[in-house]
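Colleague: missing the sequence, but the structure's below:
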């Protein structure tokens, strides 16, 4: 019988999607270049030429079966080795290829990691603000996602709330820094505190608490900042990554889970994820993408535009009196709305063809997200529009 | 906590995999060209040049964001349209793009289709012999796979057994013709009988019974045979397809579910599959693959080698006294073993470096599968080896 469960989901459209669809409709009316669409996190810079070159080279040198044949169940060895070597070199955690499981982007990585270390009925904690899709990724594994309220002072971690929410059935904690939607990076102090607390709680409950670290924005950092690499601080870490943002190829659906070599049962987790794939019906990312990414592993698209855009917006928003934490990375900024109801605020912005996303679905009311992965030229054109919006709608500020 | 469920799966290695791993090990000892490896269904012919040309053309004409950007949630429109038009043209069922859901091969298609129309606890029936991975695809959705015993006379459908097994909680029936492992194609008579019976049972129980039709071998047919297209005979059909075999690109992981326009709730099933993807953590096949397949939609790799190989093997096996049904398609043949215990039979063959797969995991004891997607030259070299094996091990036949 048709699943009423999935059918009923169709009626609950995501807020982000509603605003994005409005932007697309409005674009058809007045020309998309005239819509200041800050709704979607779709990378705007091109894939690096080296990726394209790698694809062409693979097509001209490899026999068809080597390029397009089935990947081994646990992934292409070249890709696994390239990822392991790169992580080891960059973060000084001694990965081997056996600890890398190729996935369909970060979504696939979280789905696999969660099924491997969380049992149905157990709980996964995450911190507001958080990417709303986490709810689906986690709840569909049979586990329950519980959201720790935000630390709105700096969008690091609200440790008081967190500590009160960890309990016996907490099997994992899901973090995301640099963060979507706030752009905040994890401070080393926060990371150390988090790791200490998790170790203490593991001891207290007598079982592992895994850290699922979702890091698709790891390579997009501003002001020369660094973001600590969680697996270097906490052994039971499964790093979930996607090349979508750093190589600008979200449609190719390629990422991985990296199991920390010091994690409990590290040697069986990747083979277990191979078994999980069978039930999910997903066996590895595309073979060509695995082989091509392996060849350009430490390269990135030219992401300087994101920092340029961030600076333009941060300066103007500050000048207009918005409160916000200066983003340390990503291509998001997350200011406080000028009225309590962020949905009402974002609705008013629509009159100016400014597409902003209210923060409610990110687990924090009263803020809005701007995704500035768009041309700088458009960001510049949006500045006077932002000014008019604020001065007209909120004249008393 | 670590999932004992998935961990314990690691100890239960598949029989096919054991034989394939033996073949690989033996290949390292004596040279793989000397191992007559009939164990794996990995297409041996190259991807057609037109596919390669399409990829190059896309890279040189499309902007990066159009080629590598996120696919819309329900898939790339060009791909959906190409598939819908092709199916309509070829099978006279009026598909529209909205009825096509792109998936990660046929495995992803079955996983999505099953979650859409079967609720946890309900039953899916399939017919022996069957592809052993079905058990994982189906059971992990929360449904239960029940296997209808084989009709060993011709490997069509054992209708007596089938009828006795359909019951109130039968939500779907999974078929696979041309069949892996038997190579048998569905006769039109069988298809009509099946459709009539399902319609009668739908009426009797007052609910839909969906037909999940797994058709990755649809384009590999011998002797000018045709295989009926199930959705043309039965409305509640979800066609599950993969381009792995017809285009020789299993590693690219691209397929689809096509919802029959006359199916119950046809208009919501694809959007539901979009929701299912969120929980599975898999969003669409690779964008480049979707776009490239759209451009070569009705083309295939040169698959004539499979028919050549089939004829060589069928003739020799017949001459050696094996009983079997002549394959109508695929790249498999499924003869009766020369002793009751097929595992023992296949173990004896190993001494001759003949890698055959015993039938037990396909749900029928006493047979063996040969996957002849290998070079014809190797098939020819294997013929005297087959003779020696049979004459030496079974001299009294």
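Modeller: Received the coordinates, thanks. These numbers come from a predicted model, not from an experiment.
Colleague: C-alpha from now on. contacts and neighbour counts both.
Modeller: Fine.
Colleague: give me the distance between residue A:235 and chain B.
Modeller: Residue A:235 sits at a distance of 15 Å from chain B (criterion: CA to the nearest CA, to the nearest Å).
Colleague: any idea which helix or strand carries that residue?
Modeller: Secondary structure here is read from DSSP states H and E; on that basis residue A:235 sits in neither a helix nor a strand.
Colleague: give me the number of residues near it?
Modeller: When neighbours are defined as other CA atoms under 10 Å in any protein chain shown, residue A:235 has 20 of them.
Colleague: doesn't residue A:265 make contact with it?
Modeller: No. Between residue A:235 and residue A:265 there is no contact under CA atoms under 8 Å: 11.1 Å.
Colleague: and the helices in chain A?
Modeller: Secondary structure of chain A (DSSP state H): helices located at A:4-9, A:15-30, A:49-61, A:64-68, A:77-91, A:105-117, A:133-139, A:159-165, A:188-205, A:266-280, A:287-295, A:304-319, A:342-350, A:376-393.
Colleague: distance between the third one and the chain's centre?
Modeller: Read that as helix A:49-61. Distance of helix A:49-61 from its chain centroid, counting by CA atoms, centre = their mean, to the nearest Å, is 28 Å.
Colleague: and the last one, by the same measure?
Modeller: Taking the mean C-alpha point of helix A:376-393 and that of its whole chain, the gap between them comes to 27 Å (CA atoms, centre = their mean).
Colleague: cool, the second one as well?
Modeller: Here helix A:15-30 is found 23 Å from its chain centre; the criterion is CA atoms, centre = their mean.
Colleague: next one: the fifth one
Modeller: In terms of CA atoms, centre = their mean, the gap separating the centre of helix A:77-91 from the centre of its chain is 20 Å.
Colleague: packing partners for that helix?
Modeller: Of the remaining helices and strands, those touching helix A:77-91 by 3 or more CA pairs under 8 Å, 6 or more residues apart in numbering or on different chains; DSSP states H and E are strand A:100-103, helix A:287-295.
Colleague: buried deepest among the ones you listed, which one?
Modeller: Stretch with highest mean neighbour count among the helices and strands packed on helix A:77-91: strand A:100-103 (a mean of 30; mean count of other CA atoms under 10 Å in any protein chain shown).
Colleague: so where's chain A uncertain?
Modeller: Of all residues in chain A, those with pLDDT under 70 make up the ranges A:13.
Colleague: if you set the cut-off to 90 instead, what comes out?
Modeller: Confidence mapping of chain A against pLDDT under 90 gives the ranges A:1-21, A:24, A:40-42, A:44, A:72-73, A:136-137, A:140-142, A:278-284, A:396-397.
Colleague: which residue is nearest the middle of it?
Modeller: Centroid-nearest residue in chain A, with CA atoms, centre = their mean: residue A:216, separated by 4.8 Å.
Colleague: so that residue sits right up against residue A:244, yeah?
Modeller: Yes. Here residue A:216 lies in contact with residue A:244, judged by CA under 8 Å, at a distance of 7.3 Å.
Colleague: out of the helices of chain A, flag the one nearest residue B:211.
Modeller: Closest approach to residue B:211 among the helices of chain A is made by helix A:4-9 (18.6 Å; CA to CA).
Colleague: can you list contacts of that closest one?
Modeller: Contacting residues not belonging to helix A:4-9 are listed as B:116, B:268, B:272, B:273, B:275, B:276 [CA atoms under 8 Å, 6 or more residues apart in numbering or on different chains].
Colleague: stretch A:106-118 now?
Modeller: Under the criterion CA under 8 Å, 6+ apart, residues A:102-103, A:124, A:137-138, A:141, A:143, A:171-172, A:210, A:212, A:214, A:216, A:238, A:240-242, A:254-257, A:269, A:272-273, A:276-277, B:1-3, B:6, B:278-282 lie in contact with stretch A:106-118.
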